[in-house]
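1. okay, predicted coordinates and the sequence, questions at the end:
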Amino acid sequence: MGKIDDYIAANSLKPSSTLYHTNRNIEGTGKIRVLVPKSDGIARVEYKCPKCGHESYAEQGWKRPFSIKCAGCGTKIGVPKLKQQFKRDMKKGKA
Ligand SMILES: [Zn+2]
């Protein structure tokens, strides 16, 4: 289990007590998962860097648009906007 899954289980967190929760693939090889509980407004982030493959967990204050710096190579990893991702998936014929 990941840190975010552990946090959800430990706090019996329900979707209604969540400010934001997303799980996305980035550029095919990377991924980012963000969970922001309403209780403290701190973003819990699990990511895999699409550039260097570094996988890590981090916490930082939540703001939009959200991005986190890879601890491995310093690349800024952002949460892809849904609309952009949708367009890409349309092109690939997945949607
Ligand atoms: Zn990296």
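-> In hand now; what should we look at? Numbering: from 1, shown residues only.

2. could you verify my assumption that I77 touches C70?
-> Yes - checked against C-beta atoms under 8 Å, the pair I77 and C70 is within contact range at 5.8 Å. Every C-beta, even on glycine, is put in place using the N, C-alpha and C of the backbone.

3. what touches both of the two?
-> 47, 49 (C-beta atoms under 8 Å, 6 or more residues apart in numbering).

4. just the strands in this structure please.
-> All strands of the chain, identified by DSSP state E, fall at 18-26, 30-37, 42-48, 55-61, 67-69, 76-78.

5. dump those to CSV, plus distance to I4 and mean pLDDT.
-> Shown next, in CSV, are the strands of the chain (distance: least, C-beta to C-beta, whole Å; pLDDT from 0 to 100):
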stretch, distance to I4, mean pLDDT
strand 18-26, 9, 95
strand 30-37, 5, 97
strand 42-48, 5, 97
strand 55-61, 8, 97
strand 67-69, 13, 96
strand 76-78, 15, 95
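
6. turn the ones you listed into a markdown table, including distance to the ion and mean neighbour count.
-> Shown next, in a markdown table, are those (distance: least, C-beta to the ion, whole Å; neighbours: other C-beta atoms under 10 Å):
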| stretch | distance to the ion | mean neighbour count |
| --- | --- | --- |
| strand 18-26 | 11 | 14 |
| strand 30-37 | 8 | 20 |
| strand 42-48 | 9 | 20 |
| strand 55-61 | 9 | 14 |
| strand 67-69 | 9 | 16 |
| strand 76-78 | 8 | 14 |
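
7. can I get these in TSV with distance to K3?
-> Putting those into TSV (distance: least, C-beta to C-beta, whole Å) gives the following:
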stretch	distance to K3
strand 18-26	13
strand 30-37	9
strand 42-48	6
strand 55-61	4
strand 67-69	14
strand 76-78	16
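
8. how confident was the prediction at W62?
-> pLDDT, W62: 95.

9. contacts only, for it.
-> 19-20, 36, 41-43.

10. give me the residue at the spatial middle of the protein.
-> R33 (2.5 Å; C-alpha atoms, centre = their mean).

11. farthest-apart pair in the contacts of W62, please.
-> Distance extremes for the contacts of W62: the farthest pair is Y20 and I42 at 11.1 Å, using C-beta to C-beta.

12. common neighbours of those two, please.
-> 36, 62.
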